[in-house]
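**Q** got a sequence here, can you build the structure:
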Amino acid sequence: MWKPDRSSDQTLYHQIADEMERRISYGEFPPGSQLPSERKLAEQLGVNRSTVIQAYEELRALGIIESRTGSGTRVSKFKWGATPKHTPNWHRYVEGGHFLPNLPYLRRIREVLQKDPTLIDFASGELNSELSPNEEISTLMKEKKFKEYLGYDNPQGYMPLREELVSYLSRYRNIQTTDSSILITSGSQQSLYLITQCLLAPGDAVAIEDPSYIYSLPMFQSAGLRLFRLPVDEKGIRPEDIRALYKKNRIKMIFVNPNFQNPTGTLLDQERRMELLGIATELGLPIVEDDPFSLTAYDGVPPMPLKSYDQLGSVLYIGSFSKIAASGLRVGWMVAPHSVVERLADARQQMDFGLSVVPQRIAAHFLASDYFQPHLEQLRMRLQYKRDSLIDALQKELPGQVTFTIPQGGLHLWCKVIPQVNDNKLFEEAIRRGVVIAPGSVYGSDSGYVRFTFARTKEEEIAPGIAKFAEALRTVLS
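**A** Got it, this is the predicted structure:
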């Protein structure tokens, strides 16, 4: 006899409801027939009666069964008449498909922030409006009247933006490229999605940093990729680890975030950069370099990307406006060999026929304007001030209870809680106290780490927010 699978991610009552619906649709229980009582079915399946009650409630809500006092539970005659009209089982569809939902922590973060915007947000990895060039963009939109045709654009992206990015990448990132080797995307995540879907196949092995924000992106598991870890220390990954992974698992691609890595904030050591490039070219492995934070370097000297040293075209370089201007523009880019750009542009065209011209046009004008450099300088100054405020608050509220390495750029502070603590209990207690954090386990780390993002939080909220976090930690530890 069928039994529910207790190791499944699907709840027991949903499994039972689906199985009973299947048996009814196959005619095992014809219209009007009596179903087992809740108590009897619970005994047969080895579950609590309350679980069967929930399953029957699900089927009643769909109109598949009906219950009457004294008559028990029967299959609905109306639902299964001569011309049955059966509502789709949307629950089954929602739990089907190969594209996995976001991690529970991330869904919970989104849920609580939508319900209560007064929560102090240390979890969202984006700039707040005070750090975005809102006034500058408004001025540019007034000055640069829009006259272009609002039709489908080149699937590779808006040509004036690609041309402007050629100058930007040369000036700010020491990357020499052409507009034909640039693909405009809706941000770094779309770039990664296109790579995982178009350049890799289910079962392929890839190397990623540990910890890494990639653990928070189920798109890698949805693509059927096997993830292997490259531990990150104070100098970044150890390139020699790649040899061992290649020998043992035949990895096909390396994903790295070498400049102010998310979540640790570390900077890949210069010697290790050159070693990484050498090993990758020796083994014929492509490197995907995500570089969203470099221009936030607080000393005003952004570290050069791996791509700037790439002589053989081994590095796929990903950039974005999200961490240096505004995430709402949804403008990112990828620098890659032209054949790769053509392949990914074709795939993206199948998805959405290309991005909107409007935000691409805004981005192009902003890059070319006199506003861009002053904005970067102001952004760096404000981010450094917020980082320092966060560190001061942690040292004041939790002396001796947390450790961290001070980042020299980026939006995050990676923090280790010294007393042993349960991630979920700390996370929920912090929410109850009015502050939202990102547990380190979201990024693949052990329990007891927290990523504090200080770019979204208002300056005046940082100290009160850390005080609330400290209260939550003390409550969980007591």
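
**Q** quick check on Trp2: phi, psi?
**A** With angles defined as degrees, to the nearest 10, Trp2 sits at phi -60, psi 140.

**Q** now do the contacts for it.
**A** Glu19 (C-beta atoms under 8 Å, 6 or more residues apart in numbering). (C-beta placed from N, C-alpha, C; glycine too.)

**Q** pLDDT at it, what is it?
**A** Per-residue pLDDT puts Trp2 at 87.

**Q** how near is it to Gln10?
**A** Distance, Trp2 to Gln10, by C-beta to C-beta, to the nearest Å: 14 Å.

**Q** now do Phe29
**A** For Phe29 relative to Gln10 (C-beta to C-beta), the value is 22 Å.

**Q** care to break the protein down by domain?
**A** 12-94, 104-130+374-477, 137-370 (automatic domain parsing).

**Q** export those to CSV and append columns for mean pLDDT, distance to Arg6 and mean neighbour count.
**A** Output for the domains of the chain, formatted as CSV (pLDDT from 0 to 100; distance: least, C-beta to C-beta, whole Å; neighbours: other C-beta atoms under 10 Å):
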stretch, mean pLDDT, distance to Arg6, mean neighbour count
domain 12-94, 83, 7, 15
domain 104-130+374-477, 95, 19, 18
domain 137-370, 94, 22, 19
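
**Q** any idea how far the closest residue to Arg173 other than its chain neighbours lies from Pro88?
**A** Nearest non-adjacent residue to Arg173, counting by C-beta to C-beta, 6 or more residues apart in numbering: Pro305, 5.6 Å away. Distance, Pro305 to Pro88, using C-beta to C-beta: 48 Å.

**Q** ok, now Phe122?
**A** Distance of Phe122 to Pro88, computed by C-beta to C-beta: 40 Å.

**Q** in the stretch 51-200 of the chain, which spans are strands?
**A** 65-68, 72-75, 120-121, 182-185 (DSSP state E, counting those that start in this stretch).

**Q** what's the first one packed up against?
**A** Pointing back at strand 65-68 there. Applying 3 or more C-beta pairs under 8 Å, 6 or more residues apart in numbering; DSSP states H and E, one finds that strand 65-68 makes contact with helix 49-61, strand 72-75.

**Q** among those, which comes closest to Glu461?
**A** The closest of the helices and strands packed on strand 65-68 to Glu461 is helix 49-61. By C-beta to C-beta, the value is 40.9 Å.

**Q** so what touches that closest one?
**A** 12-14, 16-17, 20-21, 35, 38-39, 41-42, 45, 65-67, 73, 91.

**Q** recalculate using a threshold of 6 Å.
**A** For helix 49-61, the surrounding residues in contact (C-beta atoms under 6 Å, 6 or more residues apart in numbering) are 12-13, 16-17, 38-39, 41-42, 65.

**Q** now flag whichever of those residues is closest to Leu100.
**A** Of these, the one sitting nearest to Leu100 (C-beta to C-beta) turns out to be Leu12, at 20.8 Å.

**Q** how close does that closest one get to Glu58?
**A** Taking C-beta to C-beta, one finds Leu12 at 12 Å from Glu58.

**Q** shared neighbours, these two?
**A** By C-beta under 6 Å, 6+ apart, no residue touches both Leu12 and Glu58.

**Q** and the closest residue in space to Lys323 that isn't next to it in sequence, which of the three is it?
**A** Among residues not flanking Lys323 along the chain, Pro292 sits closest, at 4.3 Å (C-beta to C-beta, 6+ apart). Three-state call for Pro292 (DSSP: H, G, I helix; E, B strand; the rest coil): coil.

**Q** doesn't Ser320 make contact with Pro292?
**A** Yes - assessed by C-beta atoms under 6 Å, Pro292 is found in contact with Ser320 at 5.1 Å.

**Q** what residues do those two have in common as contacts?
**A** Ser188.

**Q** the nearest residue to Pro337 once chain neighbours are set aside and Gly187, how far apart?
**A** Nearest non-adjacent residue to Pro337, counting by C-beta to C-beta, 6+ apart: Gly313, 5.4 Å away. For Gly313, the distance to Gly187 (C-beta to C-beta) stands at 24 Å.

**Q** and what of Ser441?
**A** 24 Å.

**Q** what sits against Glu429?
**A** Glu429 neighbours (C-beta under 6 Å, 6+ apart): 472, 475-476.

**Q** and the residues you listed, which of them are in strands?
**A** If you go by DSSP state E, the contacts of Glu429 have nothing in strands.

**Q** where do the helices sit along the stretch 1-150 of the chain?
**A** Secondary structure of the stretch 1-150 of the chain (DSSP state H, counting those that start in this stretch): helices at 12-25, 38-45, 49-61, 90-94, 104-115, 134-143.

**Q** dump those helices into a markdown table; add distance to Phe452 as well.
**A** Below are the helices of the stretch 1-150 of the chain laid out as a markdown table (distance: least, C-beta to C-beta, whole Å):
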| stretch | distance to Phe452 |
| --- | --- |
| helix 12-25 | 36 |
| helix 38-45 | 46 |
| helix 49-61 | 39 |
| helix 90-94 | 33 |
| helix 104-115 | 13 |
| helix 134-143 | 25 |
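
**Q** how about those, which one is nearest Tyr193?
**A** Nearest of those (C-beta to C-beta): helix 104-115, 16.1 Å.

**Q** find the centremost residue of the chain, please.
**A** Leu217 (4.3 Å; C-alpha atoms, centre = their mean).

**Q** still on that earlier bit, of all the helices and strands packed on strand 65-68, which one is nearest Ser170?
**A** Per C-beta to C-beta, nearest to Ser170 of the helices and strands packed on strand 65-68: helix 49-61, 59.6 Å.

**Q** that closest one vs helix 12-25, what angle?
**A** Angle of helix 49-61 versus helix 12-25, following axes from the mean of the first three to the mean of the last three C-alpha atoms, to 10 degrees, is 50 degrees.

**Q** 20 is where my numbering starts, stick with that
**A** In the new count, where the first residue is 20, that last one comes out as helix 68-80.

**Q** and the angle for helix 68-80 with helix 57-64?
**A** Using the same axes, to 10 degrees, helix 68-80 lies at 110 degrees relative to helix 57-64.

**Q** pull the distance from helix 68-80 to the chain's centre.
**A** Counting by C-alpha atoms, centre = their mean, to the nearest Å, helix 68-80 is centred 35 Å from the centre of its parent chain.

**Q** nothing else from me, thank you.
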